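**Q** what would the 3D arrangement of this be:
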Amino acid sequence: MKHPSLCAALLLAVLPARAQFPPPAGQPGTTAIAQDSTILIAWATGCTVQRGPMDITDPGLGPASTGADSLGTGAAGTNGVVSLGDGGTATLTFAQPLTNGPGWDFAVFENSFSDTYLELAFVEVSSDGTTFVRFPATSNTQTTTQVEGFGAVDATQVDNLAGKYRGGFGTPFDLDQLAGAPGLDVTAITHVRIVDVVGCIQEAYATHDHLGQKINDPWSTPFASGGFDLDAVGVIHQGPVGMDGPPEAVPHLYPVPACGSTRLSLPEPTATTIILVDVQGRPVRTWPAVGMHILDLDLNGLRPGAYFLEVLMPGKRITHPLIVAHAY
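**A** Below you'll find the model as predicted:
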């Protein structure tokens, strides 16, 4: 008689490992960034689109046509969207270069109407507008059956693909993943390129993730709004990170990383409030700062990780990254 637990163990040993990635917006463990999150400090200012066909297997239908290129700029949820079509691209530029800071550095917004209707796109970045480097995307969605035009994709099966979250919530990207890539300066990213994945699993038209797996998403979508619908690209870290002026004119933190507490030195006693937010823009702690040059901030009880200090002053807000290494 075979032992059931031994059989189960042997079965698990031969099955391919399938990573579970963060779930949809609003669920525990998600990385979705809300379009009104205060960690978003700027938005793309320029957008150039190269449209793909409505149906890559029938180019005679013509290219996707919904939205003007300019609709890829500005804040998410305000301007409408621009549709890329099968394999189409959108190249975005910014008033200031993006930079590699703690945690996520920017987020891409699509306009999906649900947590499962996910039209996906690769994301690439460049520091010179010529050499683009792609984030290593993963798609563990099955490739036996085509996801139909209005079919479902499980967000926990995809990673580093824009469009992972429903409208109003951005998919974040961390430039640190590309540090050391030839021809790329992750401290001065000038261009972000969005590339529709097509989603067709036919050999002649399929695109692949960084593991060589076909990417299966809703296809075909033979209408004007086919393909990835770009809403916006939001900036989390830019150079300098939301601060202008000489070093002596911006807040200073010590120690870095912080261990249980940190001292915040302000250039002038005009701040009214200090707010600590997490990487999803949720307020964690608040301190009054009226008339103060120096504040000792208690970080006890916080989980180690990346946060942002928002210094509120009359007429402006300064955002400063903060790493909590240990908080006992």
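
**Q** L297 - how many residues pack around it?
**A** Other residues lying near L297 total 16 when counted by other CB atoms under 10 Å. C-beta coordinates here come from the backbone N, C-alpha and C atoms, glycine included.

**Q** show the pLDDT at the closest residue to it other than its chain neighbours.
**A** Counting by CB to CB, 6 or more residues apart in numbering, L297 lies nearest to T262, which is 5.3 Å off, once chain neighbours are set aside. Note on T262: pLDDT of 91.

**Q** wait, a strand at T262?
**A** Yes - residue state for T262 (DSSP: H, G, I helix; E, B strand; the rest coil) corresponds to a strand.

**Q** would you mind measuring from I274 to V235?
**A** Here the criterion is CB to CB, to the nearest Å. By it, I274 lies 22 Å from V235.

**Q** what of H210?
**A** Remark: distance between H210 and V235 (CB to CB) = 25 Å.

**Q** when I274 and V235 are compared, which one has more neighbours?
**A** Neighbour comparison, I274 and V235: the larger count goes to V235, with 25 against 21 (by other CB under 10 Å).

**Q** excluding sequence neighbours, find me the nearest residue to the more buried one.
**A** Using CB to CB, 6+ apart, the nearest residue to V235 is A42, at 4.0 Å.

**Q** now do G151
**A** Using CB to CB, 6+ apart and skipping the chain neighbours, the partner closest in space to G151 is P218 (5.3 Å).

**Q** and the one you found, what does it touch?
**A** Y117, L118, E119, V147, E148, G149, F150, G151, V153, G199 (CB atoms under 8 Å, 6 or more residues apart in numbering).

**Q** just the buried ones from the residues you listed?
**A** Listed as buried from the contacts of P218 are Y117, L118, E119, V147, G151, V153, G199; burial here means 16 or more other CB atoms under 10 Å.

**Q** which two of the residues you listed have the greatest separation?
**A** Spanning the widest gap among the buried ones among the contacts of P218 are Y117 and G199, at 11.8 Å by CB to CB.

**Q** quick one: which of the contacts of P218 is nearest to S126?
**A** Using CB to CB, E119 comes nearest to S126 of the contacts of P218, at 23.3 Å.

**Q** and that closest one, which of the three is it?
**A** Look at E119: counting by three-state DSSP, its state is coil.

**Q** where's it relative to L184, distance?
**A** 27 Å.

**Q** now do P23
**A** 30 Å.

**Q** now V197
**A** On the measure of CB to CB, V197 and L184 end up 22 Å apart.

**Q** do T45 as well
**A** 21 Å.

**Q** more neighbours: which of those two?
**A** Taking T45 and L184 together and counting by other CB under 10 Å, L184 has the greater number of neighbours (20 against 15).

**Q** check contacts around that one.
**A** V125, S126, S127, T131, V133, L178.

**Q** same thing but at 10 Å, please
**A** By CB atoms under 10 Å, 6 or more residues apart in numbering, the contact set of L184 is E124, V125, S126, S127, D128, T131, F132, V133, L175, L178.

**Q** now do V235
**A** By CB under 10 Å, 6+ apart, the contact list for V235 reads 39-45, 94-99, 105-107, 189, 192, 241-242.

**Q** out of those residues, which are buried?
**A** Applying 16+ other CB under 10 Å to these flags 39-44, 94, 96-99, 105-107, 189, 192, 241-242 as buried.

**Q** among these, which are in strands?
**A** In strands, judged by DSSP state E, the following of these are found: A42, W43, F94, Q96, P97, L98, F106, A107, I189, V192.

**Q** quick one, helices of this structure?
**A** Using DSSP state H, the helices of the chain run over 4-14.

**Q** point out where it drops to low pLDDT.
**A** The chain contains residues with pLDDT under 70 at 1-19, 240-250, 280, 326-328.

**Q** domain assignment for it?
**A** 18-235, 247-326 (automatic domain parsing).

**Q** deepest-packed of those domains, please.
**A** domain 18-235 (a mean of 20; mean count of other CB atoms under 10 Å).

**Q** if we can go back for a sec, can the ones in strands among the buried ones among the contacts of V235 go into CSV with extra columns for distance to G226?
**A** As requested, those are exported to CSV (distance: CB to CB, whole Å):
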residue, distance to G226
A42, 30
W43, 25
F94, 27
Q96, 33
P97, 32
L98, 29
F106, 25
A107, 23
I189, 29
V192, 22
